[in-house]
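Asks: Sequence plus the predicted model coming up.
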Amino acid sequence: MDWQISQFFGDKSSMDKACDEDIISAVAFNREGTHLCLGDKAGRLILFSEKESRKATCKQFQYFTELQSHVQDFDPLKRRNLYVLSTNDKIIKLWKMSEKVIKKVIKGSDKELSMPVLQKVEETIYPSLHKCFPSLHTSKVKAISASHNEEFLLSAEEEKDIKEAISSCCFHPNHDNVFLLSTNMGTLRLVDTRVRVTNPDLVNFGYTQGPKNFFSELIASCHDAKFFPNANYIASRDVLAVRTWDLRVAEQPVTTVPINSQVKGKLCEMYENECLWDQFSLSVNASSKMLLTGSYHSAFNIIDAEGRSNLQLDLSFSKKTTGRETLGIKAEPITDYDYKFKTLKSICHPTQDLVAVTCLNSLFFYTKKKAI
């Protein structure tokens, strides 16, 4: 197995007792990958910084600082250098993290003739509210995204009075005038702000779905969609599959990789547990060769971007890493499927073979083994 657990924050007992406000609702690296920020439903922002260690064989992180950003119902966030963009139901905030050094004057002894010197006593992180956007939305904010040049903010709200609603949004990795929208109907829309408002869509992506039934629209709903860093492809995630699309071919996806094969026959059970409304994030690594997304039963998936493999790994509070290849292999039926322990939020490191995965109130890091 190419991947192994490298670090975790949390423990099994606290995760078993996690209440709703402790559940991690967003996670993101900064552009350089030196810091990671997560947010929970209570509105707390917790920052981790890269830990310098000569002995460590892979990148390690340590607790950095935290702050109370919003009241309860915190949702997505994006990290940009030492700025944190966060939102709750309707208010979007931009926080600035500044290093504050406290010094004191040290005088020489009475017997010595010397100049007083400043000595560092303490070094802390001082969070300050840089900007607040209190009136952009009237409904619940569904997603936010920062543009490549960090001058523009894209946000989408949950509109319950219309049949088709936006489920996610993100800017193009290179062009600040282009962004991607996904909807609860399973469609993807590439939008250019330079085109007139009456018809701004560049391309609509869609695929031929199976027979219609009670669950058709629910399982077709797109949880998340992302551009590949190479900007040639996009990826989308729904209840049962991860799909990749060529920007030049909108009719059908290039690859379709099944997800959650164990629950394909348990849609009634998922409906009763309100799991068909879960929103799993999707992330693409820096080389555009790997996709990362979550699952149920304390597991997550690392998928080859060309659709050649789908490795499912199990979260663990030990150094033992367990997992299995699921692509093209009939899934073993699980009688007691655990819907509580779901890995909703996960993110790829922007420069290295490292992923961060969250489950309830715990954070896990997995790294790819180095070739010998």
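Replies: It's in.

Asks: pLDDT below threshold where in this structure?
Replies: Scanning the chain for pLDDT under 70 picks out 1, 70-81, 103, 105, 107-118, 160-161, 196-203, 206-211, 330-335, 371-372.

Asks: now the helices for it?
Replies: Taking DSSP state H, the helices of the chain run over residues 12-16, 216-220, 267-272.

Asks: In CSV, list those helices along with distance to residue 368.
Replies: (C-beta placed from N, C-alpha, C; glycine too.) What follows is the helices of the chain, written out as CSV (distance: least, C-beta to C-beta, whole Å):
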stretch, distance to residue 368
helix 12-16, 25
helix 216-220, 31
helix 267-272, 32
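
Asks: Could you say which of those is packed most deeply?
Replies: Most buried of the helices of the chain by mean neighbour count (mean count of other C-beta atoms under 10 Å) is helix 216-220; its value is a mean of 17.

Asks: Touching it from outside, list them.
Replies: Here helix 216-220 makes contact (C-beta atoms under 8 Å, 6 or more residues apart in numbering) with 184-186, 209-210, 238-240, 267, 271, 276-277.

Asks: Please compute how far that helix lies from its chain's middle.
Replies: From the chain centre to the centre of helix 216-220 is a distance of 22 Å (C-alpha atoms, centre = their mean, to the nearest Å).

Asks: what's the answer for stretch 265-276, then?
Replies: Averaging C-alpha positions (C-alpha atoms, centre = their mean) puts stretch 265-276 24 Å from its chain's average.

Asks: show me the residues around residue 58 that make contact.
Replies: So residue 58 contacts 6, 354, 367 (C-beta under 8 Å, 6+ apart).

Asks: no, scratch that, I was asking about residue 292
Replies: If a contact means C-beta under 8 Å, 6+ apart, then residue 292 has 282-285, 300-303, 346-348, 355, 357 as its contacts.

Asks: make it 10 Å
Replies: Contacts of residue 292 were listed using C-beta atoms under 10 Å, 6 or more residues apart in numbering, and they are 226, 242, 281-285, 300-303, 343, 346-348, 355-357, 366.

Asks: Tell me which of the helices of the chain approaches residue 362 most closely.
Replies: Closest to residue 362 of those is helix 12-16 (C-beta to C-beta; 5.0 Å).

Asks: other SSEs contacting the lengthiest strand in the chain?
Replies: Longest strand in the chain, counting residues (DSSP state E): strand 117-133. Judged by 3 or more C-beta pairs under 10 Å, 6 or more residues apart in numbering; DSSP states H and E, the packing partners of strand 117-133 are strand 44-51, strand 60-68, strand 83-87, strand 92-106, strand 153-157.

Asks: The third one: partners in the sheet, and parallel or antiparallel?
Replies: Within its sheet, and counting by DSSP bridges, strand 83-87 is paired with strand 77-80 (antiparallel), strand 92-106 (antiparallel).

Asks: And the last one, what's buried?
Replies: If I follow you right, that is strand 92-106. 92-95, 97 (16 or more other C-beta atoms under 10 Å).

Asks: got the angle between that strand and strand 117-133?
Replies: 170 degrees (axes from the mean of the first three to the mean of the last three C-alpha atoms, to 10 degrees).

Asks: where does strand 92-106 sit relative to the chain's centre, distance-wise?
Replies: With C-alpha atoms, centre = their mean, you get 27 Å for strand 92-106.

Asks: and what of stretch 278-296?
Replies: On C-alpha atoms, centre = their mean, the centre of stretch 278-296 falls 8 Å from that of its chain.

Asks: and the end-to-end length of it?
Replies: End-to-end span of stretch 278-296 (C-alpha to C-alpha, to the nearest Å): 10 Å.

Asks: Pull out the buried positions in it.
Replies: 279-285, 288, 290-296.

Asks: Stretch 351-362 now?
Replies: 353-362.

Asks: picking up where we left off before, from the buried residues of strand 92-106, pick the one nearest residue 57.
Replies: Closest to residue 57, out of all of the buried residues of strand 92-106 and judged by C-beta to C-beta, is residue 97, at 28.8 Å.

Asks: hang on, the closest one packs against residue 69?
Replies: No: look at residue 97 against residue 69 with C-beta atoms under 10 Å: they stay out of range, at 11.6 Å.

Asks: Common neighbours of those two, please.
Replies: Joint contacts of residue 97 and residue 69 (C-beta under 10 Å, 6+ apart) are 45, 84, 127.

Asks: Going along the chain, name the strands of the stretch 101-250 of the chain.
Replies: 117-133, 141-146, 153-157, 166-171, 178-183, 188-192, 201-205, 224-227, 233-237, 241-246 (DSSP state E, counting those that start in this stretch).

Asks: Can you tell me which of the ones you listed is nearest to residue 337?
Replies: With C-beta to C-beta as the yardstick, what comes closest out of these is strand 241-246 (18.3 Å).

Asks: can you tell me which residues contact residue 369?
Replies: Residue 369 makes contact with 1-4, 57-58, 321, 353, according to C-beta under 10 Å, 6+ apart.

Asks: Same question for residue 234.
Replies: 170, 172, 180, 182, 188, 190, 203, 205, 225-228, 243-247, 253, 284 are the contacts of residue 234 under C-beta under 10 Å, 6+ apart.

Asks: Against residue 255, how distant is it?
Replies: In this view, residue 234 and residue 255 are 12 Å apart by C-beta to C-beta, to the nearest Å.

Asks: list residues touching both of those two?
Replies: 243-246.

Asks: Turn those residues into CSV, columns for neighbour count and distance to residue 14.
Replies: Shown next, in CSV, are those (neighbours: other C-beta atoms under 10 Å; distance: C-beta to C-beta, whole Å):
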residue, neighbour count, distance to residue 14
243, 23, 36
244, 21, 37
245, 24, 40
246, 14, 44
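
Asks: Test my guess that residue 323 contacts residue 314.
Replies: Yes: judged on C-beta under 10 Å, residue 323 makes contact with residue 314 at a distance of 6.1 Å.
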